[in-house]
Every structure is written in C-alpha cells, then in structure tokens.
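> I would like to see how this sequence folds:
(one chain, ligands or ions: 1)
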Amino acid sequence: MSWHALSEDLFELGESPFWHPAEQQLYWVDIPGKAILRANIYMGTVQRWDMPSEPGCIAPAAKGGLVIALRDGVFRAHSWGGELHRIATLPYDTAVIRANDGKCDALGRFWVGTIDEPKAGRAAELFSIDCRSGAAVVQKHAGDALTANGLAWSPDQHTVYWSDTPNHVTHAWDFDLQANALSAHRVWRQYEPKPAGWTFENTHYAGRPDGAAVDVEGNYYAAMFEGRRICKFAPDGRLLASWETPAQCPTMPCFGGEDLKTLYITTARHGRSAAELAQFPLSGAVFFMRVDVAGLPVQAFAD
Ligand SMILES: O=C1O[C@H](CS(=O)(=O)O)[C@@H](O)[C@H](O)[C@H]1O
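Numbers count the residues shown, from 1 in each chain. Now for the predicted structure:
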C-alpha cells in the first residue's frame, strides 16, 4: 500500500476531510487559508470556497449544504458558495481561541472542539450543537485541554474518543447517544512525549495525535502530527499498523470512495521549516491510499 497525491494543490493546514456519500466528492478545509475545498476525484478538479475567518471543521447537512465552524461561530450554508447563516456562537474568546476538530454524531448534533492558540491556559473545550428542534442547543462536554482533536465514535456509538494533541493523549468516554451524555472517562492512550530539542530529522518521535477516523471494525486511525505517520489502533488501544506519510505533519484521515476503502489524509505546511519542506515538498497536499477495511461513513448534521 502506498500514498498518492490527490492533486498538486498545496494547502497551509488541511483539516476536517470527509467523503460526501451523495455527491461522491471529498471535502476538507484549509484553516489559515480560510477556505473550504472539495474535490471531484473522477473529474480531477478541486474547487475552493473562501471563508470570512478560519474554518476549523465542517460536516455535510442531511438537508443539503454544510455546517461550518469558523473562528467566531457555527454557520449553516444550504449550498456550495451560498450565504452563511449563523446558528450558534460558542462561549470562548475568539482573539486566542478558534474552532478546530469536529464532526456530527449519529443523531446529527455537530460537535466542535477548540484550540487554545497560545497554548497558555488549557482553554480548549468540546461542545455539541443540537438544531433538531429548531434553535441551537449548545452543550459543553469536556475542557482543560490545549488542542481538541481526534474526535470519533465507535461503530455502536457507545464510545467517544477525543485527543488533546500537545498533551499527547487520547481520552475515551462511554456515550449515551439519546441523552447526549459522557461518562466513565479514561485515558485511552498516552503517547510518548516530544523529545526536547526535536527536529524533523529525529525519527524516534512518533508524533502526537491529531485528527482521527474509525473503521467498521472499530479500529481508530490517528494522524500523528510531526510524527510523519498514520497509526491504526485496535479498540483496546493496541497499535495494529503504522504507515509513514509523505509529509511530516499529517493532520486528519477520512475514509472515502464508493467502498469507503480509500483512506484520504490532509497534511500541513504552515509554520514548517524550509529544511522540512525541502525534504517533504508535497506537505500540505491531500494524499490517499487503499486499505483493507472500510471506514464508517460520515454522519450528517440534522436541522
Ligand atoms: O489540529 C491541529 O493541531 C496542530 C498540532 S498542535 O496543537 O500544534 O500540537 C496545530 O498546530 C493546528 O493548528 C491544529 O489545527
């Protein structure tokens, strides 16, 4: 199995990829690039939709269009390139915190995690936004973190995974989908810390858990930021496989293609050294690789 670049397009910080089941297109964001992208892999085209502020995460909406978490709020767009309608404002200081990793649960709530950009006060949090009854109901589920990442659910929806990237940890909770409640918190996996004085030539650092996706067997695939790899973990946290990536900073995987057996990954070039970018010139591209086990399909926003 080997990686292939989706196109020659390079993005500053690709994140939040998903495969649109109806459109059969790949969507993702470029956070500092303030854009949403979508690729028609059959036509070989990539479209760009500029955003008014940094998009942290996106998800498809069951009734069409997207739900979008920007730095300063959560918005609904009913069509590609259409008007943005604010549906919620999350309770954080947009001067130093923005939306980051997020997805929808099986009932169509949009879950949005944030990033404490100065990484000063563990101010990153995790919220859910429920619009099934009309006006948005916002609920906080977790906090005390630096970078919300790795949000994913087990196939039976009974387990929620959530990573805090700079703290090298993936948490897990039991999840009551109907009640929208987390319980039985545990540290699902603690990763080796970044060595002092690390540079990209040091390959003894496996990276830190960024975005994630789950396959139909419940295995958890984590992009290991600065670790130059995607890791596949069993539901009990055991490492099952690891694939080196053509960029030092993979940011998030998702499953796509008609059979959901194509693993797409976004990557980053933002803030990376000239030497690293010289060794990994396609940093910032979207890559894909065929895998043996199908992924879970993306869950859509309900309103
Ligand atoms: O998802 C993200 O994580 C990275 C990694 S870290 O928080 O710096 O450890 C972060 O740089 C990026 O901005 C964010 O989107």
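> Quickly list what Ile129 is bridged to.
Here Ile129 sits in beta bridges with Phe110, Val138, going by DSSP bridges.
> how many other residues sit next to it?
Ile129 has 22 neighbours, counted by other Cβ atoms under 10 Å. Using the backbone N, CA and C atoms, a C-beta is placed for each residue, glycine as well.
> Tell me which residues touch it, please.
Contacts for Ile129 (Cβ atoms under 8 Å, 6 or more residues apart in numbering) come out as Val74, Ile87, Ala88, Arg109, Phe110, Trp111, Val112, Ala136, Val137, Val138.
> Need the buried ones from these selected in PyMOL.
If you want just the buried ones from the contacts of Ile129 in PyMOL, going by 16 or more other Cβ atoms under 10 Å, the selection is:
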select buried, resi 74+87+88+109+110+111+112+136+138
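> Closest to the ligand out of the contacts of Ile129?
Comparing these against the ligand with Cβ to the nearest ligand atom places Val112 closest, at 12.7 Å.
> where does the residue nearest to the closest one when sequence neighbours are not counted fall, phi/psi-wise?
Residue nearest to Val112 in three dimensions, not counting chain neighbours: Gly102, with 4.0 Å by Cβ to Cβ, 6 or more residues apart in numbering. Reported as degrees, to the nearest 10, the phi and psi values for Gly102 are phi -170, psi 160.
> ditto for Pro166
Per degrees, to the nearest 10, the backbone of Pro166 is at phi -60, psi -20.
> what's it in contact with, if anything?
Applying Cβ under 8 Å, 6+ apart, the residues near Pro166 are Lys119, Leu146, Thr147, Arg208.
> Please report how far the second one lies from Leu126.
Relative to Leu126, Leu146 is positioned 13 Å away (criterion: Cβ to Cβ, to the nearest Å).
> burial of Val293, as a residue count?
For Val293, the count of nearby residues is 15 (other Cβ under 10 Å).
> partners of Val46 in the sheet?
Ala39.
> near the ligand, which residues of the stretch 51-200 of the chain show up?
Asn100, Asp101, Ile115, Thr147, Asn149, Thr165, Pro166 (Cβ under 6 Å from any ligand atom).
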